[in-house]
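# The following block contains a protein sequence and its predicted model.
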Amino acid sequence: MTQNKTAQNKSSTNTPSHIVWFAPERENAPWVRIGAQWPTAKGTRYRQVLEFTPNSDGNIIVMPFEKNNNAETGA
């Protein structure tokens, strides 16, 4: 495998398949990105990494990662 192809595979491996969001219960509160998840090698499960865990009322939402969405808030 060429070095360029190896680098391409490595970068696609590091890209998460899903983004984990926290949606607070407060009205008009922005969603906060709290982590990401990647499929396991077999592709039947996911590995999730949370940057922090919320300590207020709300919902945790997992959405597919979209490369063209650079927004730091969901919704």
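Received the coordinates, thanks. Nothing here was measured: the structure is a model prediction, and the numbers come from that model.

# what's across from Phe22 in the sheet?
In this entry, Phe22 is beta-bridged to Val32, Ile60, by DSSP bridges.

# Tell me the backbone dihedrals of Ser17, please.
phi -90, psi -30 (degrees, to the nearest 10).

# Would you agree it is in contact with Gly43?
No - assessed by Cβ atoms under 8 Å, Ser17 is found out of contact with Gly43, at 9.7 Å. Glycine gets a C-beta too; all of them are placed from N, C-alpha and C.

# what about these two, which has more around it?
More neighbours surround Ser17 than the other of Ser17 and Gly43, with 14 against 8 (other Cβ atoms under 10 Å).

# Could you report the distance from that one to Lys42?
14 Å (Cβ to Cβ, to the nearest Å).

# Can you read off the backbone torsions of the residue lying closest to Gln48 once chain neighbours are set aside?
Excluding the flanking residues, the one nearest Gln48 by Cβ to Cβ, 6 or more residues apart in numbering is Gln37, at 4.1 Å. Dihedral pair for Gln37: phi -140, psi 150, per degrees, to the nearest 10.

# I'd say Gln37 and Val49 touch.
Yes - the criterion here is Cβ under 8 Å, and Gln37 meets it with Val49 at 7.2 Å.

# show me where this structure has strands.
With DSSP state E as the criterion, the chain has strands at 18-24, 32-39, 46-50, 58-64.

# Quick one: list the elements packing against the last one.
Taking 3 or more Cβ pairs under 8 Å, 6 or more residues apart in numbering; DSSP states H and E as the contact definition, the neighbouring helices and strands of strand 58-64 are strand 18-24.

# Which positions within the strand it packs on qualify as buried?
Buried positions in strand 18-24, judged by neighbour count with 16 or more other Cβ atoms under 10 Å: His18, Ile19, Val20, Trp21, Phe22, Ala23.

# Right, I'll call it a day here.
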